[in-house]
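K.L.:
give me a model of this one.
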Amino acid sequence: MKISEAKQAYRLQERMRVLQEQRESGLTVRAWCAANRVKESNFYYWLREVRKAALPASESKRSEAENALVRIELPERVTSCIGRRDASAIRLQYKEAILDIAPGTRSEDLTIVLKALGST
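P.N.:
Numbers count the residues shown, from 1 in each chain. Got it, this is the predicted structure:
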């Protein structure tokens, strides 16, 4: 390990220690920063840096299959159990969003919507 990498690792550990100390104190960030003579902007910078360092590790755990889109063939006509024609062929619910997909929906449009939902 190079000296610069060791310094970066040490700084990251120190930032994690400070963030943990604030969390365990039960104080708000503002109150903790004031009590410890730390600028709030520095605190949030450290938080961002720790999160950035953790991001590649969590992203590598996700497989490509988890992020892949799956092709779904929509039927031309959908009839409900009471004989009434439904307005949508498929209803997807993701988090708080509900997506009704009508027969004939272009796959390009659906791909754009699903990608947008995945980024929220």
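K.L.:
what's the local residue count around the residue nearest to Gln22 when sequence neighbours are not counted?
P.N.:
Spatial nearest neighbour of Gln22, chain neighbours left out: Trp32 (4.5 Å); criterion: Cβ to Cβ, 6 or more residues apart in numbering. In short, each C-beta sits where N, CA and C put it, glycine included. The burial count assigned to Trp32 is 19, neighbours taken as other Cβ atoms under 10 Å.
K.L.:
so Trp32 sits against Leu19, correct?
P.N.:
No. Using Cβ atoms under 8 Å as the test, Trp32 is too far from Leu19 to be in contact (10.1 Å).
K.L.:
any common contacting residues for these two?
P.N.:
Residues touching both Trp32 and Leu19 (Cβ atoms under 8 Å, 6 or more residues apart in numbering) are Phe43.
K.L.:
still on that earlier bit, what about the residue nearest to Gln22, helix or strand, and which?
P.N.:
Using DSSP states H and E, the secondary-structure element containing Trp32 is helix 29-35.
K.L.:
got it, and Val18?
P.N.:
Val18 is part of helix 3-25, with elements assigned from DSSP H and E.
K.L.:
which residues does that helix contact?
P.N.:
For helix 3-25, contacts defined as Cβ under 8 Å, 6+ apart pick out Met1, Val29, Trp32, Cys33, Val38, Phe43, Trp46, Leu47, Glu49, Val50, Ala53.
K.L.:
of these, which one scores lowest on pLDDT?
P.N.:
Lowest pLDDT within the contacts of helix 3-25 is found at Met1 (74).
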